[in-house]
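J.: Generate a structure from the sequence data that follows.
(2 chains)
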Amino acid sequence: MKLGILVNEGPYTHQASDTAYHFTRAALEKGHEIYRVFFYHDGVNNSTKFTEPPQDDRHIVNRWSKLAAEHGIDLVVCVAAALRRGVKDEALASGFRISGLGQLVEAGIQGDRLVVFGD
Amino acid sequence: MQERDTGAEEQGTGIIKKFMFVNRKAPYGTIYALEGLEVVLISAAFEQDVSLAFIDDGVYQLVKGQQTSAIDVKNFSPAYRALEGYDIEKLYVERESMHERGLTQENLLVPVEVLSGREMADLMAAQDVVISF
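T.: This next block holds a predicted model:
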């Protein structure tokens, strides 16, 4: 199955990004295709390379980057939501790109399912 | 509401899906309603079968006479009136949510169809894509 993933909450404050990550990994392990992961609302904060959690905690941003590198997943950050929150190209961790909301609608059209993770 | 780059090079995919945007949050206090509306407006460019559902505090998004100057936040409620111009005309409000908040259709700024929770659930089940904010 071809899946689109929508992440609507930021890292650490809320579990949505963690759950989305574990779901995405599990789906890949089961042989499903991830068409795109789209980050919206505070979810855009999952993309910044300046994130530095304590050593003994999971690194949510790097985890997404690694998953993208290993499986060629398209990680898209909403431009309007990103600019509002000070997230720009120069702040992006590897594997992320900034684009428009149309990429979310397109994921809904092209995917077999769009799975939303949020509050 | 500003026009924004949709980010999609090819919008004419030929596929028409039933998209439902489910609005659950009050218009102010959090950004979900405003940013949710931005997705709705972008979706109009993709010529999909779009509908909007308003449940729980989401019903407050449609209330007439919103005044936001005291909290220094833009009153974006006029944008709901503009949806018709984007060919987005299917707006559904859950009856229980509306009544629990002491509201009637006369309090709302756009024409809507009022559905029971059961009818709303059936309508959601018939969608291809459900995005909730």
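
J.: From now on I want contacts and neighbour counts done on CA atoms only, so please keep to that.
T.: OK.

J.: which one's the longest helix in chain B?
T.: Here the longest helix in chain B is taken by residue count, with DSSP state H as the criterion, and it is helix B:32-43.

J.: Just the buried positions in that one, please.
T.: Under the neighbour-count criterion of 16 or more other C-alpha atoms under 10 Å in any protein chain shown, helix B:32-43 has B:32-34, B:36-43 buried.

J.: Serialize those to TSV and add fields for pLDDT and distance to chain A.
T.: Output for those, formatted as TSV (pLDDT from 0 to 100; distance: C-alpha to the nearest C-alpha, whole Å):
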residue	pLDDT	distance to chain A
B:Tyr32	97	7
B:Ala33	98	10
B:Leu34	97	10
B:Gly36	97	9
B:Leu37	96	11
B:Glu38	96	8
B:Val39	97	6
B:Val40	97	9
B:Leu41	95	10
B:Ile42	95	6
B:Ser43	94	6
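
J.: The chain: strands as residue ranges?
T.: Reading this off chain A. A:2-7, A:33-39, A:75-78, A:96-99, A:113-117 (DSSP state E).

J.: look at chain B instead
T.: B:18-23, B:49-54, B:90-94, B:113-115, B:129-132.

J.: quick one on the thing from earlier: let me know the angle separating the longest helix of chain B from strand B:18-23.
T.: On the basis of axes from the mean of the first three to the mean of the last three C-alpha atoms, to 10 degrees, helix B:32-43 is oriented at 160 degrees to strand B:18-23.

J.: between helix B:32-43 and strand B:49-54, how big is the angle?
T.: Using the same axes, to 10 degrees, helix B:32-43 lies at 170 degrees relative to strand B:49-54.

J.: For chain A, give me the ranges with low pLDDT.
T.: Judged against pLDDT under 70, chain A has no low-scoring part.
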